[in-house]
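quick one, fold the following:
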Amino acid sequence: MYLILLAIHSLFRWLVVISLLYAIYRAYKGWYLGNSFSKQDNFIRHTTATIAHVQFILGIWLYFISPVVNYFLHNFKDAVHLREIRFFGMEHSLMMFTAVVFITIGSAKAKRKLTDKEKFETILIWFSVALFIILLNIPWKFSPLISRPYFRTFN
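Residues are numbered from 1 along each chain as shown. Sure thing, here's the model as predicted:
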């Protein structure tokens, strides 16, 4: 179960990144050009937040069945000094939680704004901050700190 969930979580991150990039692009374009906030823009805002929430739920589930996190939680004094263990036991989960909070707040605030320009601006700011946090805390293959493959297999 752990390896399957890990692969799903790894693949789903691409949906999160792509949906955020697209939502930010649409928000910037709408804000810059003074477009009206359409049903499609609202759908993108909502879908992006939903994708992030699904990924977060997968991450929470993974957190509680991960052998790395289990080691971190049961050997905190030693584990906190091990970069990889600390990253997955504390840093990654805390920062991704923060990013999902930014997405949630941004989505909720944008929905309640009165003008189209304010809606686009709100999405642009909050989703951009969330994307920045996410990109810094994904264990990319090229990362000198914590390296993981771009795509995990289901085995």
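
counting by contacts, list what the longest helix belonging to the chain packs against.
Looking across the chain with DSSP state H, the single longest helix is helix 2-33. If you count contacts as 3 or more C-beta pairs under 8 Å, 6 or more residues apart in numbering; DSSP states H and E, helix 2-33 packs onto helix 39-65, helix 116-137. Quick note: C-beta positions are derived from backbone N, CA and C, even for glycine.

mind running it again at 10 Å?
Secondary structure elements in contact with helix 2-33, counted by 3 or more C-beta pairs under 10 Å, 6 or more residues apart in numbering; DSSP states H and E, are helix 39-65, helix 92-112, helix 116-137.

list the buried ones in the longest one?
So that's helix 39-65. The neighbour-count check on helix 39-65 (16 or more other C-beta atoms under 10 Å) flags 41, 44-45, 48-49, 51-52, 55-56, 58-59, 62-63 as buried.

rewinding a little: distance to Lys29 and mean pLDDT for the helices and strands packed on helix 2-33 - can I get that in JSON lines?
Shown next, in JSON lines, are these (distance: least, C-beta to C-beta, whole Å; pLDDT from 0 to 100):
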{"stretch": "helix 39-65", "distance to Lys29": "10", "mean pLDDT": "97"}
{"stretch": "helix 92-112", "distance to Lys29": "15", "mean pLDDT": "97"}
{"stretch": "helix 116-137", "distance to Lys29": "8", "mean pLDDT": "97"}
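
as a markdown table, the ones you listed with distance to Trp14 would be great.
Output for the helices and strands packed on helix 2-33, formatted as a markdown table (distance: least, C-beta to C-beta, whole Å):
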| stretch | distance to Trp14 |
| --- | --- |
| helix 39-65 | 10 |
| helix 92-112 | 15 |
| helix 116-137 | 11 |
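
select, out of those helices, the one closest to Ala23.
Ala23 sits nearest to helix 39-65 of all the helices and strands packed on helix 2-33, at 4.4 Å, using C-beta to C-beta.

can you name the element that comes right after that closest one?
helix 67-74 (DSSP states H and E).

mind checking the pLDDT average for the helix or strand just after that following helix?
Following helix 67-74 in sequence order, the next helix or strand is helix 76-79 (DSSP H and E). Confidence for helix 76-79, expressed as mean pLDDT, is 93.
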